[in-house]
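Asks: fold the following, please.
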Amino acid sequence: MSSDDPALHSAVTSLYTEHHRWLKGWLRKRLGSASDADDVSQDTFLRIIRKRNALDIREPRHYLSVVAKGIMLDLFRRRTLEQSYQEVLASLPEAQVPSLEEQALLFEALMEIDRMLEGLGPRVRQVFILSQVEGLTYARIAGELGISLRTVNNHMAKAMEHCCLMRLGL
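Replies: Numbering: from 1, shown residues only. Coordinates of the predicted model:
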């Protein structure tokens, strides 16, 4: 199906025309913000356009709400990460605070790491962070978490495989 397929264009237009107002109202109730509702609604329809599946949608409101919930979760996770990042920056001595450009680059790197670790179980993620961020040895991680060294090795292998696959887009 080409990008200028009239049937796909018609399906997206119809979906938007018939359900956009409902989706924005639904989001506004959940987010408490018209601006956030506008942003999430727009991202929802963009995701549908990119996925090119508008012709296959049989229950539009259910489908739109599922897509929007995923986008809301991403928004909440980003805001939580951003809040934590701002708290760390605020706790630094003034001489150690990175420039605004460095802050932006660091935050984007944090977001990429967060996306890469998404989908890992909490324990695997914790082991990975203790190793790669905190710099702990596998033996120390095993001792601190009360797990075997073999389990730490297995968790790290799983985390590394996951990150490589995410990096490759698989």
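
Asks: let me know the secondary structure of L73.
Replies: helix (DSSP: H, G, I helix; E, B strand; the rest coil).

Asks: distance of it from T44?
Replies: 13 Å (Cβ to Cβ, to the nearest Å). Quick note: C-beta positions are derived from backbone N, CA and C, even for glycine.

Asks: the two: who's more crowded?
Replies: Under the neighbour definition other Cβ atoms under 10 Å, L73 and T44 were set side by side, and T44 has more, 25 against 11.

Asks: pull the contacting residues for that one.
Replies: With contact set as Cβ atoms under 8 Å, 6 or more residues apart in numbering, T44 has these partners: 23, 64, 67-68, 71.

Asks: could you say which helix or strand holds it?
Replies: Secondary structure assigned from DSSP states H and E places T44 in helix 34-51.

Asks: how about A142?
Replies: helix 138-145.

Asks: burial measure for L75, as a count.
Replies: For L75, using other Cβ under 10 Å, the count is 15.

Asks: one more: M111?
Replies: M111, neighbours per other Cβ under 10 Å, totals 16.

Asks: so it is in which element?
Replies: Using DSSP H and E, M111 falls in helix 100-117.

Asks: buried sites along that helix?
Replies: 107, 111, 113, 116-117 (16 or more other Cβ atoms under 10 Å).
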